[in-house]
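Undergrad: predicted model and sequence below, questions to follow.
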Amino acid sequence: MARSKIRSVKLTASSILEVVVSMVVIVMVLGIAMMIYTNVMRLSLSERRLRAQVRLQQAMLELEHPLSYGAKEDNNEDWTIEKDILPYEGNARLQEVHLVLYDERHEKISEIRKIVINNEDK
């Protein structure tokens, strides 16, 4: 039988300091990557935001004329719409309508602002 020679090769080991430094660098890179990922996901145009914009457009169309000034709130199971109607730059015929849609945790999902002409004579 042929015997194979086992050669022993001496490997240099890493010190504990090098291991700790490399782990810190890896954790920092992963942390930065997670922050970038969460920001991209939070700011992306999701189906939820699109549905919220459609709901605000519907709420804008459903407003009664003439509009009464002031702030109102419309609650639903999933949404809360805040309506704020103000005179536009002091003009009695123009009104600024500001609608904001919040989710159940009261986080702002979408908002819309429009200038509306008041056709009613005062």
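TA: Perfect, I can see it now.

Undergrad: and the helix or strand of the chain with the lowest mean pLDDT, what does it pack onto?
TA: Least confident helix or strand of the chain, by mean pLDDT, DSSP states H and E, is strand 70-75 with a mean of 76. Here strand 70-75 touches strand 80-88, going by 3 or more C-beta pairs under 8 Å, 6 or more residues apart in numbering; DSSP states H and E. No exception for glycine: its C-beta is placed from N, CA and C like everyone else's.

Undergrad: so how far is the strand it packs on from its chain's centroid?
TA: 21 Å (C-alpha atoms, centre = their mean, to the nearest Å).

Undergrad: what angle do the next helix or strand along the chain from it and strand 70-75 make?
TA: Using DSSP states H and E, the next helix or strand after strand 80-88 towards the C-terminus is strand 91-102. With axes from the mean of the first three to the mean of the last three C-alpha atoms, to 10 degrees applied, the angle from strand 91-102 to strand 70-75 works out at 30 degrees.

Undergrad: where do the helices sit along the chain?
TA: In the chain, the helices defined using DSSP state H lie at 16-43, 47-62.

Undergrad: which of those helices sits most buried?
TA: Greatest average neighbour count among those goes to helix 47-62 (a mean of 14), per mean count of other C-beta atoms under 10 Å.
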